[in-house]
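1. Predicted model and sequence follow; I will ask about them next.
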Amino acid sequence: MNEDDSVVMYQIELAPCDAYLLYHCVCKRLENWEGSPARPAEEQEHLWDLKNELYKIVLDHKYHDM
């Protein structure tokens with residue numbers, strides 16, 4: 001078993017408005033992030049990655065469906 005086998009992945013279906021709402025929530029969380037050591041530094045990196053992935057969804061929707 002390699003390291004990737006231990007990671008559980010989920011897929012969800014979102015309406016475009018839901019993806020944008022999640023994007024907005026992650027952005028606000030980053031703005032209000034308490035910082036280390038109150039929160040793990042990896043959390044901020046994870047939030048940046050999540051923000052970027054959600055923004056890709058927002059841009060894809062705007063490009064293809066607006």
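-> Structure received. Residues are numbered from 1 along each chain as shown.
2. Over to residue 9. Which of the three states is it?
-> The three-state label given to residue 9 by DSSP: H, G, I helix; E, B strand; the rest coil is coil.
3. How many neighbouring residues does it have?
-> Using other CB atoms under 10 Å, residue 9 is surrounded by 5 other residues. Heads up, the C-betas are built off the backbone N, CA and C, glycines and all.
4. Likewise for residue 23?
-> Applying other CB under 10 Å, we find 19 residues neighbouring residue 23.
5. before we move on, what about residue 40?
-> Using other CB under 10 Å, residue 40 has 10 neighbouring residues.
6. do the same with the one 5 residues further on
-> The tally of other residues near residue 45 (other CB under 10 Å) stands at 10.
7. Next, the contact list for the residue minimising distance to the centre of the chain, please.
-> Centroid-nearest residue in the chain: residue 50, 2.2 Å away (criterion: CA atoms, centre = their mean). Contact partners of residue 50, counting by CB atoms under 8 Å, 6 or more residues apart in numbering, are residue 26.
8. Now it: which helix or strand?
-> helix 41-65 (DSSP states H and E).
9. Now that helix: buried residues?
-> Residues of helix 41-65 classed as buried by neighbour count (16 or more other CB atoms under 10 Å): 44, 47, 50, 51, 54, 57, 61.
10. Now do the same contact list for the first one.
-> Residue 44 is in contact with 30, 33, 35, 36, counting by CB under 8 Å, 6+ apart.
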